[in-house]
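Colleague: Just a sequence and a predicted model for now, questions to come.
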Amino acid sequence: MKLKAMLVDDEMPILNNLKKVLPWERMGLEVVALARNGQEALMAVKEHRPDVILCDIRMPVMDGLVFLEEVRKVDAACEILMLTGYQEFEYARTAMQYGVKDYILKPIDYEQLEAKVGQVAESIRTRRAEDIKKERKWGKAAGLAYEKILRDVVMGFPSVNARNFLVDEGVRVDELAYTVLLVDIDGYSLHSVKWTDNERRLWNFAVGNVLQDALTPLRLPYRVLQIREGEWLILVERQVGDTEASDEAMACWLAALQEAVRDNVKLSVSVGMHPEPVKFAELASTYQTMQRMLLINSGNSKVLAVTDEVLRMADSSRSLWKTMEEMISGLRKQDRARITGALESLRRDIAAEPNEAAVAKAETVLHYLIVHLLREMREMDMVTPQDEDELWTKLQHSLGIKDIMDAVVHLVDRSLASALGKKTSELLMLNAKDYIHRNLASDIGVEEVAGHLGISSSYFSLLFKSHFGETFVEYVTRQRMELAKSMLLMTDKSVTKIGALVGYAERRYFTKVFVKHTGLTPSEFRGARGEPQAGIP
């Protein structure tokens, strides 16, 4: 990082000596301006914005002390070394008010001056490196906060911080709008029932990463939010009233996403897009509409735009869908009365269908709603792989709506019993586990996760070690290494890229941790097990 220096003295020989004698290049400094009085120096400061200024005190037109006062009005960050033959206390005391870094007495000891300038330059570099680190940290924190607000709004949770946060960012909430895309893995519930927890995390991580990579070349301000397993909501920031995205452009976006997922992870996805910008306050209702739209039309790797016909199809199941959402809400709150009421409402809705065609349609919709319910239960860790296997077996052999309803009642009862049987500490740790796996690529720490759970860091550490049998750092490191191993074997991404994706910005440190965990470098691990295979996992 090369810094800029400026020299100010009314004696030209001193200026020339300062410029020639000191090893500016070696110290990483470039002399950008010379000035013979304070007025010239002030103009040069405004033009060049130097990082370091060497300045005499006694000068014509504008002396050094007046210059100091004026320069602080222009640039409070530059460092100033005073060159003076005056040793009176009043000069030093006045100069100190304006943040003079140090003093060099005339006649100048150039070795001493070189050491002082070198120290000042190094302190500037250290400070700027810390500032950059803080900016990145706060920028990342702001991005995560924004995504948290968006996720809460999409899920229908009131976000009390949304307006204040966005106003601080210089954005009016009523001006926010988004192009909304929904991506859903075809047949996810049936596919994933055969996967282990680690395989499910890897598949979801891989698809989310592919979506991010596919959108990056489009240079759009977007957010990719994984709302639940196998499903991603993509929000492209727009302005209210903006209708620039053409049908052709939207088709290209959707096709690019489908192609990227198919080519990189060998899965098919259905994607839907709302053709008009959606206002911030309408994100939740739009998300629910698009969920119904994709769910009813799932299984065929479809590209769907929200047309009037599609909306009518989605709205035809609105009553059943609302009942299912009520059931899910009851499960989240472990409210048996609410769940029972939702089941009774579901039976009434189905019994009210007037003819065989409507009943057949209700049976189809109900089947897809059960898939939705199953995925939500998995998100809440309220269903076991055995429960899922049992449900799919029943659905494959069901004879009609009664069989499907019996399967729903049985699944809900089992899930509720499981939830009620869990202790508060266990639920906290399940929530912590989910948060960690969603943020493995981030620089997460104990304080962050404990804050997410609303408990103290010390209590969190105690619960975590008791529940998982290892410390937070040990667990996170092991999960990152397992994910890195899978990506090394199953993708052709570079070691540096994989390290970044699992939370290590520096390749050297990632390699060090990987060697400690496996006994091999990432390249050795990949080479020892053959070339990367296509597809994940």
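Modeller: Cool, got the structure.

Colleague: hey, where'd the strands end up in the stretch 251-400 of the chain?
Modeller: Assigned by DSSP state E, counting those that start in this stretch, the strands in the stretch 251-400 of the chain fall at 269-273, 278-279, 303-305.

Colleague: And residue 64, how far from residue 22?
Modeller: 19 Å (C-beta to C-beta, to the nearest Å). (Each C-beta comes from the backbone N, C-alpha and C, glycine too.)

Colleague: Over to residue 58?
Modeller: Distance from residue 58 to residue 22, by C-beta to C-beta: 22 Å.

Colleague: now residue 378
Modeller: Residue 378 is 67 Å from residue 22, by C-beta to C-beta.

Colleague: picking that back up, deepest in the core, which of the strands of the stretch 251-400 of the chain is it.
Modeller: Counting by mean count of other C-beta atoms under 10 Å, strand 269-273 has the highest mean neighbour count of the strands of the stretch 251-400 of the chain, with a mean of 24.

Colleague: Redo the strands of the stretch 251-400 of the chain as a markdown table? Include mean pLDDT and distance to residue 180.
Modeller: Below are the strands of the stretch 251-400 of the chain laid out as a markdown table (pLDDT from 0 to 100; distance: least, C-beta to C-beta, whole Å):
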| stretch | mean pLDDT | distance to residue 180 |
| --- | --- | --- |
| strand 269-273 | 85 | 7 |
| strand 278-279 | 86 | 5 |
| strand 303-305 | 52 | 11 |
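
Colleague: Any stretches of the stretch 1-150 of the chain with poor pLDDT?
Modeller: 1, 75-76, 86-99, 131-145 (pLDDT under 70).

Colleague: one step back: can I get the strands of the stretch 251-400 of the chain in CSV with distance to residue 44?
Modeller: Listed next are the strands of the stretch 251-400 of the chain as CSV, based on distance: least, C-beta to C-beta, whole Å:
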stretch, distance to residue 44
strand 269-273, 55
strand 278-279, 51
strand 303-305, 59
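
Colleague: Which of those strands sits closest to residue 31?
Modeller: Of all the strands of the stretch 251-400 of the chain, strand 278-279 sits nearest to residue 31, with 54.9 Å by C-beta to C-beta.

Colleague: starting at the chain centroid, how far to the closest one?
Modeller: 22 Å (C-alpha atoms, centre = their mean, to the nearest Å).

Colleague: Describe which strands that strand pairs with in its sheet and in which direction.
Modeller: Partners of strand 278-279 in the sheet, by DSSP bridges, are strand 176-185 (antiparallel).

Colleague: Alpha carbons of the strand it pairs with, as PDB, please.
Modeller: C-alpha atoms of strand 176-185 as PDB (Å, rounded to 0.1, in the frame of the first residue of the first chain):
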ATOM      1  CA  LEU A 176     -38.400  -1.100  -2.300                       C
ATOM      2  CA  ALA A 177     -39.600  -3.700  -4.900                       C
ATOM      3  CA  TYR A 178     -38.200  -7.000  -6.100                       C
ATOM      4  CA  THR A 179     -38.400  -9.300  -9.000                       C
ATOM      5  CA  VAL A 180     -39.300 -12.600  -7.200                       C
ATOM      6  CA  LEU A 181     -38.000 -15.900  -8.400                       C
ATOM      7  CA  LEU A 182     -38.700 -19.200  -6.700                       C
ATOM      8  CA  VAL A 183     -36.500 -22.300  -7.300                       C
ATOM      9  CA  ASP A 184     -37.700 -25.700  -6.100                       C
ATOM     10  CA  ILE A 185     -35.900 -29.100  -6.500                       C
END
